[in-house]
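Novice: Need the 3D shape of this:
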Amino acid sequence: MGLFSHATFLLIPSKEHGRLVARSMMESSHSLLFTRPYKQEGGKDGEFWMSVYLPLGLAYKDVPELPTTTSLEIDCLDGDGLSLKLFASDRVAFHFETGVGDVGEEEDRLLELAAELYTGENTGASDIAEGDEDPEAQGFWAQDEERQNQYVDRARRSPQYQTYLQESRGASAVPPMEPLAPLLPEGRTIDQLGRLLRLAASRLEGAPEAEEDKALLREVMDGKEHSDSAEDFVRALERFFGLKGALHSQESLMEQHSGAVDGRIVTLPET
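Specialist: Numbers count the residues shown, from 1 in each chain. Modelled structure (predicted):
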């Protein structure tokens, strides 16, 4: 699966700590980009945040030479998966993810359905010459890649596969969120965050019915009351926490906004 975005947000408790983090990042041997510290919308006085972009597969917590600081990491995988992680002073404290199925199992089920479609439509197509000891070799698996892909595409759109995906990527249990309470800006509550994460986990099941859920989504999702897109929920979390740049990865910044990069420092484009 591709990773559309991978942003880490550092909580900077003081300007002095911010200077320490920035200096260490500038001296790091790892390729990375970071923003200047900024005030969280509705955040506490004296606290700042910094958005950090590392190569895909590498998170701030994985770089031990960088100063430890509380960080919030948001990932978006292929428009389907959404991951939210909090790393505190012990570098691991909280984790939530939804829509990230087992890729191998999903591919196996897709191929099984494609083979069933082929067999159902080609009764007798697997008839074999006398003496052939491998009947399976004359069926779906013996077809060329182009013909197999025709059935794979149809299987992908089938109700059976969509039902399988909903069951395998269903609403995850939202873990206790008390560790995130100190990171919430003024006016945000743990209850709201819990509802937002549950809505993210159940987004493939259809639009919410509760008015308070609809109102929350309208506030953090450009007026929408529902979306099945993980990107929309990444942006919603960005707005909820009052952060900047959650939909960017290091790669997307370098490809699309290289002019906004001065050294390792990024001036985030307006979105």
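
Novice: what about the helices in the protein?
Specialist: In the chain, the helices defined using DSSP state H lie at 15-27, 103-121, 145-156, 159-168, 190-201, 211-220, 230-241, 250-256.

Novice: helices and strands around the lengthiest strand in the chain, which ones?
Specialist: In the chain, taking DSSP state E as the definition, the longest strand is strand 3-12. Applying 3 or more Cβ pairs under 8 Å, 6 or more residues apart in numbering; DSSP states H and E, one finds that strand 3-12 contacts helix 15-27, strand 48-53, strand 71-77, helix 230-241, helix 250-256. C-beta: built from backbone N, CA, C; applies to glycine.

Novice: okay, the angle between it and strand 71-77?
Specialist: For strand 3-12 against strand 71-77, the angle by axes from the mean of the first three to the mean of the last three Cα atoms, to 10 degrees is 170 degrees.

Novice: now strand 3-12: how far from the chain's centre is it?
Specialist: 11 Å (Cα atoms, centre = their mean, to the nearest Å).

Novice: Parallel or antiparallel, list what pairs with it.
Specialist: strand 48-53 (antiparallel), strand 71-77 (antiparallel) (DSSP bridges).

Novice: Contact partners for residue 15?
Specialist: 37, 48 (Cβ atoms under 8 Å, 6 or more residues apart in numbering).

Novice: try residue 86
Specialist: 70-73, 93-95, 179-180, 183.

Novice: now do residue 217
Specialist: Here residue 217 is in contact with 196, 199, 208, 224-227, 236 (Cβ under 8 Å, 6+ apart).

Novice: and it, how far is that from residue 61?
Specialist: Separation of residue 217 from residue 61 (Cβ to Cβ, to the nearest Å): 30 Å.

Novice: Likewise for residue 23?
Specialist: From residue 23 to residue 61 the distance is 19 Å (Cβ to Cβ).

Novice: Ok, residue 98 next?
Specialist: Distance from residue 98 to residue 61, by Cβ to Cβ: 21 Å.

Novice: still on that earlier bit, so which of the helices and strands packed on strand 3-12 gets nearest residue 166?
Specialist: The closest of the helices and strands packed on strand 3-12 to residue 166 is helix 230-241. By Cβ to Cβ, the value is 14.6 Å.

Novice: ok, residues contacting the closest one?
Specialist: 4-5, 9, 40, 72, 74, 76-77, 79-82, 84, 99, 183-185, 188, 192-193, 196, 199-200, 203, 217, 220-222, 224, 227, 244-247.

Novice: From those residues, list the buried ones, please.
Specialist: 4-5, 9, 40, 72, 74, 76-77, 79-82, 84, 99, 183-185, 188, 192-193, 196, 199-200, 203, 217, 220-221, 227, 244-247 (16 or more other Cβ atoms under 10 Å).

Novice: Any idea which helix or strand in this structure has the lowest mean pLDDT?
Specialist: Every helix and strand in the chain was compared by mean pLDDT, DSSP states H and E; the lowest is strand 94-98, with a mean of 77.

Novice: Give me the contacts around it.
Specialist: 81-86, 88, 169, 171-172, 174-175, 177, 179-180, 197, 200-201.

Novice: PyMOL command for the buried members of these?
Specialist: Burial among these is assessed by 16+ other Cβ under 10 Å; the matching PyMOL selection reads:
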select buried, resi 81+82+83+84+85+86+88+169+171+172+174+177+180+197+200+201
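
Novice: Select from the contacts of strand 94-98 every entry located in strands.
Specialist: Per DSSP E, these map to strands at 81-86.

Novice: Just give me the closest of these to residue 146.
Specialist: Out of these, the member with the shortest distance to residue 146 (by Cβ to Cβ) is residue 81, at 29.5 Å.

Novice: what bridges to the closest one?
Specialist: residue 77.

Novice: next one: residue 262
Specialist: residue 265.

Novice: In contact with residue 166, which residues are there?
Specialist: Counted by Cβ under 8 Å, 6+ apart, residue 166 has contacts 204-205.

Novice: Can you tell me how far it is from residue 228?
Specialist: 11 Å.

Novice: shared neighbours, these two?
Specialist: Contacts common to residue 166 and residue 228, judged by Cβ under 8 Å, 6+ apart, are residue 204.

Novice: in the stretch 101-250 of the chain, what spans have low per-residue confidence?
Specialist: Scanning the stretch 101-250 of the chain with the threshold set as pLDDT under 70 gives 101-104, 124-138, 168-173.
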